[in-house]
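Peer 1: With the sequence up front, the predicted model follows.
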Amino acid sequence: MNKLCYLIAILCLTALNTRAQYTEVINSNRPGASYSAFAVGKNVIQGEGGFYYERNDHSVLETEGNRYGMDYALRYGMLFEQLEIILDGTFTKENYTDFSVDPSMDYTRSNFTRNTIGAKYLVYDPYKNPEKNKPNLYSWNANNHVQWRDLIPAVAVYAGANFNFGDNPFYPEDPQISPKVMIATQNHFTPNWVLVMNFIYDKFTTDDPLFNYIITLTHALPDPRYSIFVENQGYSSDSYSDGIFRAGAARLFKKNMQVDASLGINIKDTPSRFFGSIGVSYRLDYHKDKPKQIDNVSDQDKEFIKEAKKKRKKKNPFEDLDTNE
């Protein structure tokens with residue numbers, strides 16, 4: 001088969017086999033804002049980044065602003081399949097005009113509006129036991145509809161710290177370091193529908209702690225290289241409360257590379273916000289499967305298995321031929 005057919009076959013198998021931390025194709029948190037419950041896999045280094053634009057108008061303060069920036073995330077799976085270290089943040093430059101004075105005044109400011117490092121660990125995986133999650137070989141309908149067991153999510157916990165560099169004009173009152181904790185859940189209702197929820201308590205040692213939730217629903221299209229998503233994010237603190245809605249799409253170009261685009265809008269006019277982003281995710285895959293232990297096998301059978309593995313490693317003289325003629 002040609003390379004494209006091979007890639008689609010891998011994607012279909014990955015969609016069905018959601019029991020492992022590591023997947024044969026990249027699993028990115030972009031283009032949404034939520035964290036998946038699952039880690040990237042041990043010895044996998046994954047970068048996720050993009051550029052965004054935001055229009056920001058405040059009806060009470062009488063300001064109009066344009067923000068340009070870059071989102072970034074670096075994820076590394078270490079020690080265990082369930083554990084990953086995450087560095088993520090946003091660097092922003094804003095040009096805004098203050099119309100509350102006459103004549104109006106133009107201002108520019110730039111700094112990190114988010115810069116966090118933390119660790120996420122999967123504490124419960126309902127798909128871990130393959131015997132309980134085998135597909136029904138006699139019913140396509142059973143495999144493609146929500147079942148009771150699908151309502152039980154995978155659960156991960158996250159703990160990290162926010163870093164506020166220098167005299168940050170966006171958050172002048174924030175301390176240099178503040179904590180962040182989160183619970184992330186993930187449901188695979190069918191091979192094509194995934195629901196991720198995050199519940200975040202941020203900066204809770206400061207005078208203005210922030211509660212934040214994110215709900216992301218993702219759908220894989222009939223061509224499994226493409227996926228779409230919708231997302232709702234809510235903020236609540238003494239100084240700022242808002243609700244945001246996002247939608248977007250992603251395309252897999254290679255098994256280790258994904259590109260994405262999204263648009264978003266909020267629900268209020270203090271300020272009103274409209275934004276869009278484009279991005280890319282790429283991973284360096286150094287993952288190795290742990291060899292399975294062979295128990296209750298005779299020495300003769302072990303020798304047979306050993307010889308079979310040697311034969312399997314021999315190069316197939318036809319594997320480099322392109323059969324797409």
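Peer 2: Received the coordinates, thanks.
Peer 1: When you work out contacts or count neighbours from here on, use the C-alpha atoms and nothing else.
Peer 2: OK.
Peer 1: helix or strand for Ala37, which one?
Peer 2: Here Ala37 sits in a region with no helix or strand, counting by DSSP states H and E.
Peer 1: got a pLDDT number for it?
Peer 2: According to the per-residue confidence, Ala37 scores 94 in pLDDT.
Peer 1: Was I right to think it contacts Ala156?
Peer 2: Yes - with contact defined as Cα atoms under 8 Å, Ala37 reaches Ala156; the gap is 5.0 Å.
Peer 1: which stretches of the stretch 51-200 of the chain form strands?
Peer 2: 63-77, 83-98, 105-124, 154-163, 177-190, 193-202 (DSSP state E, counting those that start in this stretch).
Peer 1: Now mean neighbour count too, for the ones you listed, in CSV please.
Peer 2: As requested, the strands of the stretch 51-200 of the chain are exported to CSV (neighbours: other Cα atoms under 10 Å):
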stretch, mean neighbour count
strand 63-77, 20
strand 83-98, 19
strand 105-124, 17
strand 154-163, 20
strand 177-190, 20
strand 193-202, 20
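Peer 1: so can I have JSON lines of those strands showing distance to Pro209?
Peer 2: Output for the strands of the stretch 51-200 of the chain, formatted as JSON lines (distance: least, Cα to Cα, whole Å):
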{"stretch": "strand 63-77", "distance to Pro209": "23"}
{"stretch": "strand 83-98", "distance to Pro209": "18"}
{"stretch": "strand 105-124", "distance to Pro209": "15"}
{"stretch": "strand 154-163", "distance to Pro209": "12"}
{"stretch": "strand 177-190", "distance to Pro209": "10"}
{"stretch": "strand 193-202", "distance to Pro209": "6"}
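Peer 1: To Ser272, which of the ones you listed lies closest?
Peer 2: For the strands of the stretch 51-200 of the chain, the distance to Ser272 is smallest for strand 63-77, at 9.6 Å, taking Cα to Cα.
Peer 1: how near is Val230 to Arg30?
Peer 2: Val230 sits 12 Å away from Arg30 when distances are taken as Cα to Cα, to the nearest Å.
Peer 1: the more surrounded of these two?
Peer 2: Neighbour count, other Cα atoms under 10 Å: between Val230 and Arg30, Arg30 has more, with 25 against 19.
Peer 1: what stretches of the stretch 101-250 of the chain score poorly on pLDDT?
Peer 2: Low-confidence segments of the stretch 101-250 of the chain, defined by pLDDT under 70, are located at 129-148.
Peer 1: what sits against Leu221?
Peer 2: Residues counted as contacts of Leu221 (Cα atoms under 8 Å, 6 or more residues apart in numbering) are Asn192, Ser227, Ile228.
Peer 1: Now the first one. Nearest residue, chain neighbours left out?
Peer 2: Counting by Cα to Cα, 6 or more residues apart in numbering, Ala220 is the residue found nearest to Asn192 once chain neighbours are left out, at 4.9 Å.
Peer 1: how near is the one you found to Thr185?
Peer 2: 19 Å.
Peer 1: try Thr108
Peer 2: Distance, Thr108 to Thr185, using Cα to Cα: 39 Å.
Peer 1: As a check, name the ranges of all helices in this protein.
Peer 2: Shown for the chain, the helices assigned by DSSP state H span residues 3-16, 140-143, 299-313.
Peer 1: Touching both of Ala37 and Ala156, which residues are there?
Peer 2: Here Ala37 and Ala156 have Leu122, Ala184, Thr185 as joint contacts, going by Cα under 8 Å, 6+ apart.
Peer 1: Closest to Phe51 out of the contacts of Leu221?
Peer 2: Closest to Phe51 out of those is Ile228 (18.9 Å), distances taken as Cα to Cα.
Peer 1: pretty sure that closest one contacts Ala220?
Peer 2: Yes - using Cα under 8 Å, Ile228 makes contact with Ala220 at a distance of 6.6 Å.
Peer 1: so what's Gly160 up against?
Peer 2: If you count contacts by Cα under 8 Å, 6+ apart, Gly160 has them with Thr116, Ile117, Gly118, Ala119, Pro179, Lys180, Val181.
Peer 1: Just the closest of these to Phe170, please.
Peer 2: Using Cα to Cα, Thr116 is the member of the contacts of Gly160 that lies nearest Phe170, at 15.6 Å.
Peer 1: I figured the closest one was touching Ala159, is that so?
Peer 2: No - under the criterion of Cα under 8 Å, Thr116 is not in contact with Ala159, lying 10.1 Å apart.
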